[in-house]
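S.K.: have a look; sequence and predicted model below, questions after that.
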Amino acid sequence: MDAFSLLPPEWIQNATHAMDFCCPSCQETPLKAKRAWLNRYAPVTDSLHRRRWQEFYECECETVWWAWSTDRPPSPYQKDDDADEFRRGLY
């Protein structure tokens, strides 16, 4: 499966919006997901002109969920300067 495919896969049709960046059923992170699809071809722009997109995941517990890319927690591997630029939409 291609996470960056132009066409949305059928398995995302009944996805639940997760309020935290984890499975709403079992609270597992996307690292435990069986499948993923990023809707980068239809970004949304917020009031500060930052782009964000939907990230869809199918968890090991069979729950299909999605969250906004801007809700993703910062990576421990990312430099602080890069994280600030990402938050300001300068990527």
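M.R.: It's in.

S.K.: part of a helix, is Leu31?
M.R.: Yes: with DSSP: H, G, I helix; E, B strand; the rest coil as the criterion, Leu31 is part of a helix.

S.K.: so which bits of stretch 64-82 are buried?
M.R.: Residues of stretch 64-82 classed as buried by neighbour count (16 or more other CB atoms under 10 Å): 64-67, 69. Backbone N, C-alpha and C define where each C-beta goes, glycine included.

S.K.: same question for stretch 27-39.
M.R.: Applying a neighbour-count criterion of 16+ other CB under 10 Å, one finds 30, 33, 36-39 buried in stretch 27-39.

S.K.: which one of these is nearest Met19?
M.R.: Proximity of those to Met19 (CB to CB) peaks at Pro30, which lies at 14.8 Å.

S.K.: which residues does the residue nearest in space to the middle of the chain bridge with?
M.R.: Central residue check for the chain by CA atoms, centre = their mean: the C-alpha nearest the mean position is that of Glu55, 2.9 Å away. For Glu55, the residues forming beta bridges with it (DSSP bridges) are Leu38, Ala67.

S.K.: so how far is Leu48 from it?
M.R.: Shown here: Glu55 relative to Leu48, a distance of 20 Å by CB to CB, to the nearest Å.

S.K.: with that, I have no additional questions.
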